[in-house]
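Novice: no FASTA, just this:
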Ligand code: SAH
């Protein structure tokens, strides 16, 4: 019989196994504690367990790990982690320190099927979905490496490689495990999506309290479809309608992400039309000046134009932030992740 990876199991399943082994229930708690809070990467590391039990248990079970193969640190202290999975596929995660915060940006797929024109990950194409444990394990492996530096991740964003809502079952399972096993508050997790409408409607039921970010990037269908082919399937009208009906707690806001591309979607007219489109949606807007990569056809607008765009939105009452580019020198910024695929 093949050994079972304990990280593939829910808390209920772990409790079931401990019962089956006729062990006291505190053993299940210990197991979860060692995997998800002390980041044990093998059963042998669970020193709270008698050696004999560890050995017996290891005959049927093991703790799986995605393998960290490279870490790069950028001049602005952003860190990019390259992981190799069991089938030799590769993904990246990015750690972004900002004042009191330490945000981990995780991947949900190997590659991405969406082919947004401005995004480097889209160039790889779709390779496969990540399993729930592979999504959570990016957090575990990086948290483990941070222990000795006495640092802790404070926020998680699903803004790495892939479209989380096209891997809905595994993504929602991972969100559940962050809450149930890692005990990481869903309020400190943001899921970013282009807006896969049927999944978007399901999301608040499956993952209540998780924050939502929408990669909008354009305020009319012609430009959006040109930039993001998925817009043909889920046009703006439907997306906006879904956002208007999206259940939010008082004071909660949807983050609207808008990549600014010179001469494409950065005009004053584009800004005014964005204001109109977002009317009556409780939101804040993140402007992301385009991060260039080799071979891309787009450019970042001049600073003055970015600021003008922001001012128009502010004048209409929106909260607008310009997302500072992080980790550009190591290709760790938004839309620059490709995990060494050529
Ligand atoms: N597929 C999801 C999750 C990835 S988030 C989504 O699209 O929301 C990645 C974010 O980076 C998206 O908001 C995307 O619009 C933005 N992005 C992609 N390529 C970029 C680039 N070259 N420069 C700046 N932002 C980019």
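Specialist: Yes, it's here. Not measured: the values here are computed from a predicted model. Numbers count the residues shown, from 1 in each chain.
Novice: contacting residues around whichever residue of the chain sits closest to the ligand?
Specialist: Residue nearest to the ligand within the chain (CB to the nearest ligand atom): residue 335, separated by 1.6 Å. All C-beta atoms are positioned from the backbone trio N, CA, C, and that covers glycine. Neighbouring residues of residue 335 by CB atoms under 8 Å, 6 or more residues apart in numbering: 116, 118, 119, 120, 121, 259, 291, 293.
Novice: also residue 323?
Specialist: By CB under 8 Å, 6+ apart, residue 323 lies in contact with 257, 286, 287, 288, 289, 334.
Novice: repeat that for residue 84.
Specialist: Counting by CB under 8 Å, 6+ apart, residue 84 touches 66, 67, 69, 90.
Novice: adding distance to residue 245 and neighbour count, write those residues out as TSV.
Specialist: What follows is the contacts of residue 84, written out as TSV (distance: CB to CB, whole Å; neighbours: other CB atoms under 10 Å):
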residue	distance to residue 245	neighbour count
66	37	23
67	42	13
69	43	11
90	38	22
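Novice: want to try CSV for those residues, with secondary structure and distance to residue 264 as columns?
Specialist: Listed next are the contacts of residue 84 as CSV, based on DSSP: H, G, I helix; E, B strand; the rest coil; distance: CB to CB, whole Å:
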residue, secondary structure, distance to residue 264
66, coil, 36
67, strand, 39
69, strand, 36
90, strand, 31
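Novice: need those residues in a markdown table with distance to the ligand and pLDDT, can you?
Specialist: Output for those, formatted as a markdown table (distance: CB to the nearest ligand atom, whole Å; pLDDT from 0 to 100):
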| residue | distance to the ligand | pLDDT |
| --- | --- | --- |
| 66 | 19 | 98 |
| 67 | 23 | 98 |
| 69 | 22 | 96 |
| 90 | 17 | 97 |
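Novice: between the residues you listed, which is nearest residue 302?
Specialist: residue 90 (35.4 Å; CB to CB).
Novice: is it true that the residue of the chain closest to the ligand lies in a helix?
Specialist: No: Residue 335 is assigned coil when assessed by DSSP: H, G, I helix; E, B strand; the rest coil, not a helix.
Novice: report pLDDT for the spatially closest residue to it that is not a sequence neighbour.
Specialist: Nearest residue to residue 335 in three dimensions, chain neighbours excluded: residue 119, at 4.1 Å (CB to CB, 6 or more residues apart in numbering). pLDDT, residue 119: 96.
Novice: got phi/psi on residue 119?
Specialist: Here is the backbone geometry of residue 119 (degrees, to the nearest 10): phi -110, psi 130.
Novice: same deal with residue 185?
Specialist: When read as degrees, to the nearest 10, the backbone of residue 185 gives phi -70, psi 130.
Novice: name the residues of stretch 226-244 that are buried.
Specialist: By neighbour count with 16 or more other CB atoms under 10 Å, stretch 226-244 contains the buried residues 227, 228, 229, 230, 231, 234, 236, 239, 240, 242, 243.
Novice: quick check: the farthest pair among the residues you listed?
Specialist: Within those, 229 and 243 form the most distant pair, 20.3 Å apart (CB to CB).
Novice: contact partners of the helix or strand of the chain with the lowest mean pLDDT?
Specialist: Taking mean pLDDT, DSSP states H and E as the measure, the chain has helix 120-124 as its least confident helix or strand, at a mean of 92. Defining contact as CB under 8 Å, 6+ apart, one finds that helix 120-124 is touched by 111-112, 114-116, 161-162, 293, 296, 331, 335-339, 341.
Novice: before we move on, the earlier item: neighbour-wise, which one of the contacts of residue 323 leads?
Specialist: Using other CB atoms under 10 Å as the neighbour criterion, residue 334 leads the contacts of residue 323 with 27 neighbours.
Novice: nice, that's everything, thank you.
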